[in-house]
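**Q** pasted the sequence and its predicted model underneath.
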Amino acid sequence: MTASVSTAPFPFDNSYARLPGGFYAPAVPTPVAAPALIKVNAALAEELGLDPQALASPEAVEMFAGSRVPDGAEPIALAYAGHQFGQFVPQLGDGRAILLGEVVGRNGRRDIQLKGSGPTPFSRRGDGRAGLGPVLREYIVSEAMAALGIPTTRALAAVTTGEPVWRERALPGAVLARVAASHIRIGTFQFFAARRDTPALRQLADYTIARHYPDLAGAARPHLALLEAVIGRQAELVARWLNVGFIHGVMNTDNMSVSGETIDYGPCAFMDAYDPETVFSSIDQMGRYAYANQPDIAHWNLARFAECLVPLLDDDKEAAVAAANAALSAFPARFKGAYRAGLLAKIGLDDVNEEDVALALDLLAVMAAGKADFTLTFRRLGPAAEDAAALEGVRDLFLDREAFDAWADRWRARLATGGREGAQVRAGMDRVNPLFIPRNHLVEWAITAATEDGDFAPFEALTAALAHPYEEQPRFAPYAGLPPQMEGYRTFCGT
């Protein structure tokens, strides 16, 4: 039986648990044998108004592992449906995650969820557990995304369970304490739409507006405004993904948050050499969620969201569909604007015009042909904006150096017409071009050391480096070098 913590580390206020029972199922975490702390995210704890030292106490570690339920928690597993690789599944739900509750801090309301804390009513014969590797991957990558300035769920703490998790083989078990603006997904809306439960859809939409888009409550057509707002946030989010080389890996509708945060880090990874067709996920055998496909998939997912909202948009179905289509038609331009502005900033330009966009896209073409590293190309261009001699460090990344030289001549000529000093241009580029990202070989190094040897030092070092991705950090210089080739590298889901 799961015990109760005597002193509550969280000031819970559980608004989602006050919704009707069909929105979730009660789900108590399953106690584990020997919980042990891996890490508490002290900076995030302080953002939430929590005491990091209290979160590292033995009682809190048992709570993070699922062996204790804190005072004020109302553990639930959320119901949702979803399109998985294009195929609709009418009931999915949290099969290995349990929402303990919500805390309200200076940055608003946040969910506290345990991932890997045992089976729930939605587990579908699964064990509800998580292996140490997937927990560390999500911790590393989600915190890296946060440091890069990209909206994301966060990792508050990670613990080992002292129990094995059986996948292809026995793996050390672990639990991640995840923080999110909420866990409402497009799939949550699909769950009720599939059942034609319009009253529940309306209640969910109104709750979403109150929680994430309160300024829309007074709109003439608040549910249409909600659709437009979610479309805008997702367009900007995916543009940010592309501009750091991030590949989500499993963009199912149940993995798309209506808050605009990146959620569900499964077979995710960052691209090394630039190739628009890059796929890492072992389950994405057709390349549906390849790097360059992500904007189109986001648009497709949003169309499924719009379908859910049709009954709320207008009593006249034809008018409702027309309104939904009009909202969806804004996605391409919204994405293109955000993506191009971000891409131009990466090469030191801030005036979005067709000539400059063509220059930036030409660089990507040269990078693809020359198999140049995505992150290092842009980062090394910064010093070259100030001193042409620094171009040598960029051209070394390209197989076809002459093609890069021709592009670099055009770029330097364009910078000369901009009226800004080279040092100013470089400073702006360094603010948007990271030096440190979760390189695949580094993530695997940290995971292997922890899972095979019980050594968390590489994990600690990597998370420390990634906390300051735009800064020069001499002690972590090896993490910023050209990565080794990893032909055929694949990432895996944790289930």
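**A** Thanks, I have it. Residues are numbered from 1 along each chain as shown.

**Q** tell me who's in contact with Ala45.
**A** Ala45 makes contact with Asp51, Pro52, Leu55, Leu156, according to CB atoms under 8 Å, 6 or more residues apart in numbering. C-beta: built from backbone N, CA, C; applies to glycine.

**Q** how many neighbours does Asp316 have?
**A** Using other CB atoms under 10 Å, Asp316 has 10 other residues around it.

**Q** same deal with Glu421?
**A** For Glu421, the count of nearby residues is 11 (other CB under 10 Å).

**Q** setting aside sequence neighbours, what's the nearest residue to Pro52?
**A** Of all residues not flanking Pro52 in the chain, Ala42 sits nearest, at 3.9 Å (CB to CB, 6 or more residues apart in numbering).

**Q** chain neighbours aside, what residue packs nearest to Gln91?
**A** Nearest to Gln91 is Ala81, by CB to CB, 6+ apart, at 5.9 Å.

**Q** quick one: that neighbour from Cys308, how far?
**A** From Ala81 over to Cys308 the distance is 10 Å, taken as CB to CB, to the nearest Å.

**Q** between the two, what contacts are shared?
**A** With CB under 8 Å, 6+ apart as the test, Ala81 and Cys308 both reach Gln190.

**Q** I'd like the next helix or strand past the helix or strand where Leu204 lies.
**A** Secondary structure from DSSP states H and E places Leu204 in helix 198-212. Note on helix 198-212: by DSSP H and E, the next helix or strand toward the C-terminus is helix 222-244.

**Q** next, count neighbours for Ser104.
**A** You called it Ser, but residue 104 is Val. By the criterion of other CB under 10 Å, Val104 has 14 neighbours.

**Q** surely it is in a strand?
**A** Yes: under DSSP: H, G, I helix; E, B strand; the rest coil, Val104 falls within a strand.

**Q** wait, doesn't it sit right on Asp13?
**A** Yes: with contacts counted by CB atoms under 8 Å, Val104 reaches Asp13, the gap being 5.4 Å.

**Q** could you report the neighbour count for Arg439?
**A** Arg439: 23 neighbours (other CB under 10 Å).

**Q** for it, give me its contacts.
**A** Phe270, Asp272, Tyr479, Pro483.

**Q** quick one: it and Thr152, what's the gap?
**A** Following CB to CB, the distance that separates Arg439 from Thr152 is 18 Å.

**Q** then Phe85?
**A** Remark: distance between Phe85 and Thr152 (CB to CB) = 23 Å.

**Q** of these two, who's got more company?
**A** Taking neighbours as other CB under 10 Å, Phe85 and Thr152 compare with Thr152 leading, 25 against 13.

**Q** how far is the helix holding Leu204 from where the chain is centred?
**A** 23 Å (CA atoms, centre = their mean, to the nearest Å).

**Q** tell me the helices and strands packed up against that helix.
**A** helix 186-194, helix 222-244, helix 294-313 (3 or more CB pairs under 8 Å, 6 or more residues apart in numbering; DSSP states H and E).

**Q** distance to Glu452 for these - can I get that in CSV?
**A** Output for the helices and strands packed on helix 198-212, formatted as CSV (distance: least, CB to CB, whole Å):
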stretch, distance to Glu452
helix 186-194, 35
helix 222-244, 29
helix 294-313, 33
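
**Q** can you list the buried residues in stretch 149-158?
**A** Neighbour counts over stretch 149-158 (16 or more other CB atoms under 10 Å) mark Ile150, Pro151, Thr152, Thr153, Arg154, Ala155, Leu156, Ala157, Ala158 as buried.

**Q** closest to Ala464 among the residues you listed?
**A** Ala155 (14.0 Å; CB to CB).

**Q** what's the neighbour count on the closest residue to Ala319 other than its chain neighbours?
**A** Distances taken as CB to CB, 6+ apart put Leu313 closest to Ala319, at 7.7 Å, once the chain neighbours are dropped. Leu313 has 21 neighbours, counted by other CB under 10 Å.

**Q** spit out the contact partners of Leu313.
**A** Arg221, His223, Leu224, Leu227, Ala319, Ala320, Ala323, Ala324.

**Q** what sits closest to the first one if chain neighbours are left out?
**A** Ranked by CB to CB, 6+ apart and with sequence neighbours excluded, the top spatial neighbour of Arg221 is Leu313, at 7.1 Å.

**Q** then the last one?
**A** Ranked by CB to CB, 6+ apart and with sequence neighbours excluded, the top spatial neighbour of Ala324 is Ala306, at 4.0 Å.

**Q** got the contact list for the one you found?
**A** By CB under 8 Å, 6+ apart, Ala306 lies in contact with Leu227, Ala324, Asn325, Ala327, Leu328.

**Q** again with Ala390
**A** Arg380, Pro383, Ala384.
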